[in-house]
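Engineer: Output the structure for:
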Amino acid sequence: MYHFCTLFDQNYLPRARSLYESLRACGTEFRLWALCMDAPSYEALRELRLPGVEPIALADFEHADVELLTAKNDRSRAEYFFTCTPSLPLYVLEHWPEVDLITYLDADLFFFSHPQPIFEELANASVGIIAHRFSWLNQSRRRFGIYNVGWVSFRRDEDGLRCLRWWRERCIEWCYDRVEGNRYADQKYLDEWLERFRGVRAVEHKGANLAPWNIANYQIRERDGRVMVDEDPLVFFHFQGFQQIRPWLYNSNFGLYGVRPSSAVRRAVIGPYIRALQESTQAGVLRRGVRQASSYRGIVLRRLRRLVRLVLGVAAQEYVLVVRGRVL
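Structural biologist: This is a model prediction of the structure:
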């Protein structure tokens, strides 16, 4: 039995549901604690009654946590999400004594095979982290952190708890969406762990946390029904920034990192994720903002700009078209 936790609001609920279903599809036996950052996501998750999922209401999570609530007052919404990240696995360990090892997962991960190889690599480690492994095109992004917060594991032992509590304290003190010295959000703190704490292990499996920022490092191909990252099977992909533009159009966010998804990646990696999102999403497209009055000329200009962005995105192979369930 594996123990995971994640956090999200109503906008990320379809991604979180896709994460959950991907773990189930891989035959993983697990429990997933889900911190719902708003009331709609909590009510929706309770109604779904997903086996193995433990919804946590934000009010229950924040109850009597004066430090967290104080920090909330000077953080943006996204920054408060970052601030909560280390508090969530600590909350699980403090309220469920049967949990020996808890792993935080970003809600936009998607599993393609069983996570057992990652846990085998962690063995008896107290803390598990995974590097970004930035491709040469993205080396400048190391300023945001050598390691990625997408997967972070903590064991209920002296070293694991010391590291987790230190991380929480640092995020309470400072956790903002900007680089400042050796700090960035909740993430850059991880850079210190290998030297600061005992029992920290950096996972080296190439199929762990494949993402747009590192995919250029590897050869991606299909073999015997599996997606291979060089010679390692793909365990999970990090779909950071992946967006639905229209019911038939998605932005892969690969362009931000200077890469184009190959036909194998579009077919075997992006395709399954889009299908999972479609199954998890009740409405076609979530739209932000409200309609504003505008002149006929203004409406035409906006539509022309959207059309130009669409053409450029498709030409650059950053946008992904879906026709009759097929990814093009």
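Engineer: Please make it C-alpha for all contacts and neighbour counts, starting now.
Structural biologist: Will do.
Engineer: burial of the residue nearest to residue 174 when sequence neighbours are not counted, as a residue count?
Structural biologist: Excluding the flanking residues, the one nearest residue 174 by C-alpha to C-alpha, 6 or more residues apart in numbering is residue 185, at 7.7 Å. A count of nearby residues for residue 185, using other C-alpha atoms under 10 Å, gives 22.
Engineer: my read: residue 185 touches residue 175, true?
Structural biologist: Yes - counting by C-alpha atoms under 8 Å, residue 185 does reach residue 175; the two are 4.5 Å apart.
Engineer: got any residues that touch both of the two?
Structural biologist: Residues within reach of residue 185 and of residue 175 at once, by C-alpha atoms under 8 Å, 6 or more residues apart in numbering, are 79, 82-83.
Engineer: Can you tell me which of the residues you listed is nearest residue 169?
Structural biologist: Taking C-alpha to C-alpha as the measure, residue 169 lies nearest residue 83 of the shared contacts of residue 185 and residue 175, at 9.7 Å.
Engineer: Restricting the selection to alpha carbons, write the helix or strand containing the closest one to PDB.
Structural biologist: With the criterion set as DSSP states H and E, the secondary-structure element containing residue 83 is helix 77-84. The C-alpha atoms that make up helix 77-84 are tabulated as PDB, following Å, rounded to 0.1, in the frame of the first residue of the first chain:
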ATOM      1  CA  ARG A  77      -3.600  32.600  -4.000                       C
ATOM      2  CA  ALA A  78      -0.900  30.700  -5.900                       C
ATOM      3  CA  GLU A  79       1.700  31.500  -3.300                       C
ATOM      4  CA  TYR A  80      -0.500  30.200  -0.500                       C
ATOM      5  CA  PHE A  81      -0.900  26.900  -2.500                       C
ATOM      6  CA  PHE A  82       2.900  26.700  -2.500                       C
ATOM      7  CA  THR A  83       3.100  27.600   1.200                       C
ATOM      8  CA  CYS A  84       0.700  24.700   2.000                       C
END
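Engineer: Which elements pack onto that helix?
Structural biologist: When contacts are defined as 3 or more C-alpha pairs under 8 Å, 6 or more residues apart in numbering; DSSP states H and E, helix 77-84 packs onto helix 66-72, helix 158-173.
Engineer: Show me the domain layout of the protein.
Structural biologist: Each domain of the chain is listed here as a residue range: 2-240, 241-328, per automatic domain parsing.
Engineer: mean confidence for the top strand by length along the chain?
Structural biologist: Among the elements of type strand in the chain, defined by DSSP state E, the one spanning the most residues is strand 147-155. Per-residue pLDDT over strand 147-155 has a mean of 98.
Engineer: Output that strand as PDB - backbone C-alpha positions only.
Structural biologist: Listed in PDB are the C-alpha atoms of strand 147-155, where the atom choice follows Å, rounded to 0.1, in the frame of the first residue of the first chain:
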ATOM      1  CA  TYR A 147      14.900  19.700  -7.900                       C
ATOM      2  CA  ASN A 148      11.200  19.700  -8.700                       C
ATOM      3  CA  VAL A 149       8.400  19.600  -6.100                       C
ATOM      4  CA  GLY A 150       6.200  17.400  -8.300                       C
ATOM      5  CA  TRP A 151       7.200  14.300  -6.300                       C
ATOM      6  CA  VAL A 152       8.500  14.500  -2.700                       C
ATOM      7  CA  SER A 153       8.600  11.600  -0.200                       C
ATOM      8  CA  PHE A 154       9.000  11.700   3.500                       C
ATOM      9  CA  ARG A 155       9.400   8.700   5.900                       C
END
